[in-house]
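Q: Quick one, what's the 3D model for this:
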Amino acid sequence: MNIEEQFNKEEFANLLERAKGERSINQFANETGVSAAHISRFLRQMIASPPTPETISKFAAKAYNEVTYQDLMVAAGHLARKDDSDENREVVKDSPLNYRKQREELNKKFIQIILADLYEKSFEWSVQKEKPEGRIRFPDMSLNIDYEGYNKWYLDFYPSIHRNHRGPSFNLSFVYGSISMYELFNTDKYTIVVNDEREFNMIMRRPPLSLRANLYLMLIDLEWGKIVKEEKLCSYRKE
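A: Numbers count the residues shown, from 1 in each chain. Modelled structure (predicted):
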């Protein structure tokens, strides 16, 4: 089933109307940064393709009546419903191909949630698309920011795919070792992003002892589509 077939136009229109509340379409457009004409067409169910996650995050950031980002994402067909039957869910297998596909999908959800949160922030930011100098590999997400003395923000994602796994789903020593090889500066912020609270707590108990980086740890709740918390693991140490 493609994304257009999963897009429930009527449900999305109803949610968008609730999110708009008593504001006029023009008022809602001014607050969200989405054109009034575009909003009107969604409300009248005149658009066959669902809005992008970026557009949905703009709606959710200014939504009334407790309409959430997750509600809108489900109605748009970007996220599966909780009550979908097992036959419609993707079967989790341990093959490298399926693992890679699942990781890519979770990475996209991480990005959508982080972008939705950023639209709420008052500081300036932009997505950096070119590979930063000195990086061995391109991070999962790289931003130019102007916040608390930082001007670069690198985020690497470590999604937990198997919910019932025992122990960490990655080697923390390897993660710290990889970060130590990057050329990072005092104005750089580096964040490890996870979606499993057990892993978050495990990492908080094992911060790096001698890592030269402003390193943070972020916990994301995929079910509710939000950032739960972000804690600092260590600070950049000048030589």
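
Q: what sits up against the helix or strand Ile114 falls within?
A: Counting by DSSP states H and E, the element that carries Ile114 is helix 96-118. Residues outside helix 96-118 that contact it (CB atoms under 8 Å, 6 or more residues apart in numbering) are 53-54, 56-57, 60-61, 69, 73, 78-79, 90, 92-93, 125, 140-141, 143, 155, 157, 159, 161, 193, 195, 220, 222, 225-227. C-beta here means a position set from N, CA and C on the backbone, and glycine is covered the same way.

Q: ok, of these, which come out buried?
A: Among the contacts of helix 96-118, those classed as buried by 16 or more other CB atoms under 10 Å are 53, 56-57, 60-61, 69, 73, 78-79, 140-141, 143, 155, 157, 159, 161, 193, 195, 220, 222, 225, 227.

Q: picking up where we left off before, how about the helix holding Ile114: buried residues?
A: Under the neighbour-count criterion of 16+ other CB under 10 Å, helix 96-118 has 102, 106-107, 109-118 buried.

Q: cool, and stretch 38-47?
A: Applying 16+ other CB under 10 Å to stretch 38-47 flags 39, 42-43 as buried.

Q: How about stretch 187-195?
A: 188-195.

Q: now what about stretch 232-239, what contacts it?
A: Counting by CB under 8 Å, 6+ apart, 184-186, 188, 192, 203-204, 207-208, 211-217 sit against stretch 232-239.

Q: Repeat the analysis, applying 7 Å as the threshold.
A: Stretch 232-239 has contacts (CB atoms under 7 Å, 6 or more residues apart in numbering) with 186, 207-208, 211-217.

Q: what about stretch 21-35, average pLDDT?
A: Average pLDDT, stretch 21-35: 94.

Q: In a markdown table, list the buried residues of stretch 38-47 along with distance to Asn65 and pLDDT.
A: Listed next are the buried residues of stretch 38-47 as a markdown table, based on distance: CB to CB, whole Å; pLDDT from 0 to 100:
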| residue | distance to Asn65 | pLDDT |
| --- | --- | --- |
| Ile39 | 16 | 95 |
| Phe42 | 16 | 95 |
| Leu43 | 15 | 95 |
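
Q: Out of these, which comes closest to Asn171?
A: For the buried residues of stretch 38-47, the residue nearest Asn171 by CB to CB is Phe42; the value is 45.0 Å.

Q: Now do the contacts for the closest residue to that closest one other than its chain neighbours.
A: Leaving aside its sequence neighbours, Phe42 sits nearest to Leu16 (CB to CB, 6 or more residues apart in numbering; 5.6 Å). Going by CB under 7 Å, 6+ apart, Leu16 touches 42-43, 59.
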